[in-house]
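J.: please work out how this folds:
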Amino acid sequence: MLSGAASASASVSIGACRSGEATAAPIEAQFVGQDPARAHRLRDKTLPAPDGIRGESLRVKVLIVGGGAAGMAAAWRLHRGGVNDFLVVELENGTGGTARGGALPRSAYPMGAHYLPAPPVHNRGLWTLLGDLGFVVGATAGTPELDPRFLCHAPVERHQHEGVWSAGLYPARGQTDDEEAQWARWRKHLRTLDGRMGADGRRLFDLPVQNSSTELRHLDRISAEAYLDGLGLTSWRLRWTMDYGCRDDYGCTLGQTSAFALLHHELARGLEDTHDRFILTFPEGNARLVNTMADAADVSDRLRTSTVVHSIDPDSGLAHGWDLDNDLPVRVQADVIVWAAPRFVLQHVLPPGRDPLALGAIEYTPWLVASVQVRHAPGGFGALPAWDNVPVGPDHLGYVRANHTEALTEQRQPGAVLSFYQPLLAADTAQLKAQRTRLLSTGLADWTTHVVDALSEMHPSIGPDIERIDIARWGHGMARNTPGWLFGSTRATAAAAVGCVLPCATDVGGLPLFEQAFAGGVNAAEEALARMGQPQDTIL
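T.: So this is what the prediction gives:
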């Protein structure tokens, strides 16, 4: 179900300019997902004044604002701790946050986050969750085993360089001896760090990131690009591969990402050279995890969608909201408020002077995600089609095949759904604002043309095969992991409690990853339990 600006749709006639052919029929396209107009009503303070309007008045122990991964993790932890007197309030008309999913006739698809690598054995909190959700089917020698129906099968990744597809994400074809030696030296360097413990007894790189050792945290103060400079690693092939990882995980370039964040990306889940890294994925992406958490927490009678919280008293726990569907005020009195929505929104909700975080202190990269239904799955010269298909050169990230796991079932059908990802990169705050404006002001036909052109560069004959495109726009898709963010004072201030309000979304956690969102929600729920006089041992 969609509403407002998010549901704009049209039939768009586009020539497949890369192939020299016209499309067989107009492409059905629509905007889906987050409705920018809803959040902008809060920002612009255009909600009606509730004075004299009879609305709803509720009393709960815990109010959870935000129905994404962090909010549902908090609900799951409260339910697991025996506390069910909570309410989840979500601005949009559906849950999921940036892990929301949708569906085309051919397949479900992710609008944002779309996978979870199998956690290391020591991450007992995540394994507890996956067991509760029914994704663990047994154990071998103490290592849990995930249901193979939901594991990404080979080939997992391929890249396209100079028209040829090759396995993996490192463009080795045509490399010089020096480039090959640099790549080998970089992998050896990573192996020396992989799994190491710091002097404080913690892993150098761990999830959640706050569990990482303090030993190398100083690397958060320099860029990943500067770190590679210091190692004498100048190969464009190596740097492109690392830059792709930064853009994919953080929405930043190699020069904009901290060195600690780059190393964390490579090592926190285990270096793929030396560890099995099974990937849990679903056609609808991480929406499956969020929705299954919601089911496990039994939130059906404790969830209010299409409701905006526009005022919070952090001392009394009184929150005022507005039911957008019924156009009525909602008043909620809570002991603790878990803020699982983006942190910058809280600045518009707290009383003047109560938020210690400066306006604009957190920078966010906008994202475009387009799910494309095609009549025939694309191939290409070289390596076989993979789950993740990435071109070398463009500023977008290519696409994942949403229905990739069908090969493990008997559900295979003609065609495919390709989910195309593009962070709108920017060098500074002014450019970020311009990119956000571009994202939200560009019309449906123009974005559709943009996506078709990008796919046509990878697959010149794909144009006539495209039937439908659903486009999701994330104005504040990811908090940027620029140098100094992870372990600096700004993030610490953003994550700190404000009275009874506990911020816990991924932006204050430091990394835009499911593992971080899960830990943030669980920590907030456990803090809420403690504040209500019901402390429990942590599951993390």
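J.: what sits against the closest residue to residue 427 other than its chain neighbours?
T.: Nearest in space to residue 427, with sequence neighbours left out and distances taken as C-beta to C-beta, 6 or more residues apart in numbering, is residue 256 at 7.8 Å. C-beta coordinates here come from the backbone N, C-alpha and C atoms, glycine included. With contact set as C-beta atoms under 8 Å, 6 or more residues apart in numbering, residue 256 has these partners: 223, 246, 427, 480, 482.
J.: so what's the residue count around the second one?
T.: Neighbour count of residue 246, defined by other C-beta atoms under 10 Å: 24.
J.: again with the third one
T.: Each residue near residue 427 was counted by other C-beta under 10 Å, and the total is 10.
J.: that one: what secondary structure?
T.: Of the three states, residue 427 takes coil under DSSP: H, G, I helix; E, B strand; the rest coil.
J.: can you check the second one too?
T.: At residue 246, secondary structure determined by three-state DSSP is helix.
J.: one more: residue 435?
T.: helix.
J.: not including adjacent chain positions, what is the nearest residue to it?
T.: Once flanking residues are discounted, residue 435 sits nearest to residue 424: 4.0 Å by C-beta to C-beta, 6+ apart.
J.: and the helices in the stretch 401-540 of the chain, which stretches?
T.: Secondary structure of the stretch 401-540 of the chain (DSSP state H, counting those that start in this stretch): helices at 429-441, 444-458, 489-495, 506-509, 514-531.
J.: show me how the record splits the chain into domains.
T.: Domain assignment for the chain, taken from automatic domain parsing, gives 7-32+364-479, 39-99+284-361+482-531, 116-138+153-280.
J.: return the most buried member of those domains.
T.: Per residue and on average, the most neighbours among these fall to domain 39-99+284-361+482-531, with a mean of 21 (mean count of other C-beta atoms under 10 Å).
J.: now do it: distance to the chain's middle.
T.: From the chain centre to the centre of domain 39-99+284-361+482-531 is a distance of 17 Å (C-alpha atoms, centre = their mean, to the nearest Å).
J.: my read is residue 139 is in a strand, agree?
T.: Yes - with three-state DSSP as the criterion, residue 139 is located in a strand.
J.: which of the contacts of residue 256 sit farthest apart?
T.: The largest separation in the contacts of residue 256, counting by C-beta to C-beta, is between 246 and 427 at 14.2 Å.
J.: for the residue nearest to residue 196 when sequence neighbours are not counted, what are its contacts?
T.: Counting by C-beta to C-beta, 6+ apart, residue 204 is the residue found nearest to residue 196 once chain neighbours are left out, at 5.0 Å. Counting by C-beta under 8 Å, 6+ apart, residue 204 touches 193, 196, 197, 198, 212, 213, 215, 216, 263, 267.
J.: CSV for the residues you listed, including secondary structure, distance to residue 330 and pLDDT?
T.: Putting these into CSV (DSSP: H, G, I helix; E, B strand; the rest coil; distance: C-beta to C-beta, whole Å; pLDDT from 0 to 100) gives the following:
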residue, secondary structure, distance to residue 330, pLDDT
193, helix, 50, 96
196, coil, 51, 94
197, strand, 49, 97
198, coil, 47, 97
212, coil, 40, 97
213, coil, 45, 98
215, coil, 48, 98
216, coil, 47, 98
263, helix, 45, 98
267, helix, 45, 95
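J.: out of the residues you listed, which comes closest to residue 144?
T.: Nearest to residue 144 among the contacts of residue 204 is residue 267, at 21.2 Å by C-beta to C-beta.
J.: is it true that the closest one touches residue 189?
T.: No - counting by C-beta atoms under 8 Å, residue 267 stays clear of residue 189, with 10.7 Å between them.
J.: so the most centrally placed residue in the chain: helix, strand or coil?
T.: The centroid of the chain falls nearest to residue 113 when counting by C-alpha atoms, centre = their mean (3.9 Å). Secondary structure state of residue 113, per three-state DSSP, is coil.
J.: ok, it to residue 507 distance?
T.: 13 Å (C-beta to C-beta, to the nearest Å).
J.: ditto for residue 481
T.: In terms of C-beta to C-beta, residue 481 sits 11 Å off from residue 507.
J.: swap in residue 150?
T.: Taken as C-beta to C-beta, the span from residue 150 to residue 507 is 27 Å.
J.: hang on, residue 218 is in a strand, isn't it?
T.: No - under three-state DSSP, residue 218 sits outside any strand and is assigned helix.
J.: against residue 226, how distant is it?
T.: Residue 218 is 12 Å from residue 226, by C-beta to C-beta.
J.: overlap of the contact sets of the two?
T.: With C-beta under 8 Å, 6+ apart as the test, residue 218 and residue 226 reach no residue in common.
J.: mind listing the strands for the stretch 151-300 of the chain?
T.: Secondary structure of the stretch 151-300 of the chain, counting by DSSP state E, counting those that start in this stretch: strands at 157-161, 164-167, 279-280.
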